[in-house]
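S.K.: Quick one: sequence plus predicted model below, questions after.
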Amino acid sequence: MVIADFAFILVAAFVLICACVVVFHNKIIYSAFALLFCFFGVAGLYVFLNAEFLAGTQLLVYVGGISVLILFGILLTKNIEDLTSKEVSTQKIFGGLISVTFLGGLIYMVNSVDWKVSTPKPIENSPVEIGKLFMSDFLIPFEIAGVLLLVALIGAVVIGRDTDKDLEV
Amino acid sequence: MDNIFLWIAITLGAMVGLVSVVGIVSIYLERKISAFMQDRLGPMEVGFGSLVNAIAGKEVLREGRIGLAQSLADGLKLLQKEDIIPDGADKFLFKLAPMIVFAGTFSTFAALPLAEYFIPADVNIGLFYILAISSFGVSGILMAGWSSNNKWGLLGSLRSTAQMVSYEIPVGVSLVSIVMLTGTLSMKGIVVAQEGWFWNWHLFGAVGHHGLIGFVLLPMMVINFIAYFIGSLAETNRAPFDIPEAESELVAGYHTEYTGMRFAIFFLAEYGAIFVGNAIAVALFLGGWYSGIPAIDQANIPGIAPLVFILKTFVLIFVVMWIRWTLPRLRVDQLMTLCWKYLIPFTLFTFFSVAIYKVFIV
Amino acid sequence: MIYNQLETYLVISAILFSLGLYATFTRKNAISILMGVELILNAACINFVAFSNFVEIGLSGQVVTIFLIILAAAEAAVALAIVLHLYRHIQSVNVDEATTLEG
Amino acid sequence: MSYFGDIAKAVSTISTGMKITFAHFKNVGKNKGTFTTQYPKETLTAPAFSRQQLHNNIDDCIGCKKCAMACPVDCIDIVTVKAGADELSDCSDGTKRRLHLTVYDIDMAKCMFCGLCTYPCPTHCLTINDDHNFIKFERSELKYKFSAYSPEDVVRIEKEAAEREVIAKAEKAAKAKAKAEAAAKKKAAEVAKAKAEAEKVETAPEPEKTEPKAKTEPVAKTQVEQVVEVKKEEVKLPVAEAKENEAKAEEIKPTEDASKEANSDNETKES
């Protein structure tokens, strides 16, 4: 199917370009919006991987939640007029070296390993199946995730409060 | 191959047409309803005939018009307006923002079940898809507010985002109750579960399907419906939850700096979002395309199903406008109080009730 | 048939991963570093979903991805709270300036 | 308990408000309930004594420029040319017109609607009426031109006036000449007389000086009285006009007035 290929290349290029903008753009607000679009593109990749439910979750949590949270963080911690972030050249060189090494290693690994691939078949009604897995095989992680979210919620509120003023009340 | 492209083109064209028509009709209705509630007559001059005459350069007759083409004429006017981008604005994001807001609304139309075989994309996670994709518009609003380099724009967008993110919780929980009851995320499946007489609608507890015990569900579903309705009002920034664009404080909120066609796109997106919000309410609580009387549904009159659906939606839109021109604007703290102290506990209560019903009674 | 091959997804996720790594190494703004971490998490998510699709392991990969997303949400919330707190203390979100532990 | 009390209160107050707005929604279009008019199609009559639009009945205007002098913002622009004898008809009240009004412009963009210009008008030709349709596309269009003459007429009139002036000047010069001659003759005669009555009595001039003073005072009083009388007439006139207008309005649109009353009733109820 040429159309599917074409669409896939579009989505993948979109994701990678957005990721590059996230990493290399000088204006942090541009990075944040690019991150948002990157998440959006990743949701598109999930659709290609027959994981529609996950794509929806990705949109709901990443695009609607985490990106907005990050944008709020930027707007609350920066002088809005001055949104550039300066880099140090030595870090750039070493960081680049390490990243490229990792990239090379990973791609080498991807190419060298003989993956035991089976032909993918879309699973009917995947939300139901995922729900069943949550309630059977992954019950304890599911409960722990719930507790973790609660802890994170409370912890974020406690840390984010204005140091001493609020606690005295 | 060709068929696929043709199908995509037709679907997209139909959706664009639907969004535009819905926007234009809602704007006209809003102007008329607001006028009637304030003892005015509203737009009375521009009829379709006079609009055609005006474009053709002929004499415009004033008699017998009730302003039917007013919003179309406004759209044409906005198209011709100068496109102003403020000097201090971030040009790229400023241009991108209205597109994203519109895309967020436009994409939700894809999963609306207008009739049994008239759904642009019948995804098996339809409801979830609508919820997820509508959160995409939030970022567009934030982008518009930040990029216009205007303090009112920024404040309005921050308020709007905070409001939309918090009201997603009661909306989501109240919808999950319905999903739990029907056992499917597909919009079509949810509507099909309400077939038959109108007491089968989820608003009335789907009594027909669950028997007399279904009356237990009735108060739960009414609470759910009201919670969802209030939440959708807040999600679409409608009065009384329109603090993001409170005129007396913020000029026009996040679209203060927008003019001409870009402003029109924001406007269209807003009314599109209202339509989608109420269409979900219709599909989930009010029986979707079923008229509530089996004889009418089984008569196989062509086009009756989408008509019933759209009529129901516009009844709800009328209520939305009615509320807008009745209630005063809420304060920010009142807004959050309503969400966290009233809506979320109530929706959680109904959620648990429906869960207990589903596990122990059915 | 690019879209139907496991390797494609793995390569995309590898590129995303190294980009995220580069961002965490070079950026000084705490929020930028957080963005890099999110990129790395997304790369991992893509891997999980890809394996879930192409290898006969059922839906476990997708379930793990959901846990990852939950983790990422919790992490983002707490990290941003910490960043805000840092900003209140040193009036900056530059991680190089947070040197109170150096003594 | 106040938690559920609050909810109950919210429900009841919201429903009350919604009922009120729906009642208004229903009432529009019926005889009561619409508070606006469809402006270009139907207009409201302005209230009596309202000052909207200045109008000059140019056939009655004598070009005295009293209105232009009275205007605080100088929005009236008058240029006059002297007319020949019996070239112009008389005013409707019999006043003679001796001046061609080549320019009589009122700039309604400048006008502040004080109405001061209408009071000094001796022929009551400048009036302020209740026509309030001021919609124009250019600001210059708000300059209302009342002069009855076309530009060609103005040129002709000015030419004629100039010719007449030339003739008049010539006549004047001739007259002056004659006068001067007569005066010279008189002077000569007087000189002769003076020489004849060279040294006579000198007590006569004192009573002659007091007499004119006594005469001028009663004359001044009568002038003041006349002015007062004229003013009284002026005050009476607009009242009568207004009464006529009211009567006309009642004749034409009794239904509208009735609806207005109904509206005011509504308002009082609401308040």
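M.R.: The structure has been received and is ready for your questions. Worth saying up front: this structure is predicted, and the values here are computed from it rather than measured.

S.K.: from here on, contacts and neighbour counts on C-alpha atoms
M.R.: Noted.

S.K.: Enumerate every residue touching residue B:32.
M.R.: Shown in contact with residue B:32 (Cα atoms under 8 Å, 6 or more residues apart in numbering or on different chains): B:41, B:42, B:43.

S.K.: quick one: the strand or helix carrying it to chain centroid distance?
M.R.: Using DSSP states H and E, residue B:32 falls within helix B:2-37. In terms of Cα atoms, centre = their mean, to the nearest Å, the gap separating the centre of helix B:2-37 from the centre of its chain is 12 Å.

S.K.: Now it: buried residues?
M.R.: Neighbour counts over helix B:2-37 (16 or more other Cα atoms under 10 Å in any protein chain shown) mark B:11-12, B:15, B:19-20, B:22-37 as buried.

S.K.: what do you get for stretch B:147-166?
M.R.: Quick answer for stretch B:147-166 (16+ other Cα under 10 Å): B:147-150, B:152-166.

S.K.: now stretch D:21-31
M.R.: Buried residues in stretch D:21-31, counting neighbours by 16+ other Cα under 10 Å, are found at D:21, D:22, D:24, D:25, D:28.

S.K.: and it, average pLDDT?
M.R.: What stretch D:21-31 shows for mean pLDDT is 76.

S.K.: Contacts for it, please.
M.R.: Contacts of stretch D:21-31 (Cα under 8 Å, 6+ apart): B:33, B:36-41, B:322, B:325-326, D:33-34, D:259.

S.K.: any chance of the residues you listed in TSV, plus distance to chain A?
M.R.: Below are the contacts of stretch D:21-31 laid out as TSV (distance: Cα to the nearest Cα, whole Å):
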residue	distance to chain A
B:33	33
B:36	38
B:37	37
B:38	38
B:39	41
B:40	41
B:41	41
B:322	30
B:325	30
B:326	31
D:33	46
D:34	46
D:259	55
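
S.K.: Buried subset of the residues you listed as a PyMOL selection?
M.R.: Of the contacts of stretch D:21-31, the buried ones can be selected in PyMOL as follows, counting by 16+ other Cα under 10 Å:
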select buried, (chain B and resi 33+36+37+38+39+40+41+322+325+326) or (chain D and resi 33+34+259)
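
S.K.: Lowest-confidence one in the contacts of stretch D:21-31?
M.R.: Among the contacts of stretch D:21-31, residue D:259 has the lowest pLDDT, at 47.

S.K.: Neighbours of the nearest residue to residue B:344 once chain neighbours are set aside, how many?
M.R.: Spatial nearest neighbour of residue B:344, excluding adjacent residues (Cα to Cα, 6 or more residues apart in numbering or on different chains): residue B:170 at 5.1 Å. Applying other Cα atoms under 10 Å in any protein chain shown, we find 25 other residues in the vicinity of residue B:170.

S.K.: do the same with the one 5 residues further on
M.R.: By other Cα under 10 Å, the residues close to residue B:175 number 25.

S.K.: mind listing what it touches?
M.R.: Neighbouring residues of residue B:175 by Cα under 8 Å, 6+ apart: B:224, B:228, B:284.

S.K.: Let's have the buried residues of stretch D:21-31 in CSV, adding secondary structure and distance to residue C:99.
M.R.: Output for these, formatted as CSV (DSSP: H, G, I helix; E, B strand; the rest coil; distance: Cα to Cα, whole Å):
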residue, secondary structure, distance to residue C:99
D:21, helix, 63
D:22, helix, 65
D:24, helix, 67
D:25, helix, 67
D:28, coil, 71
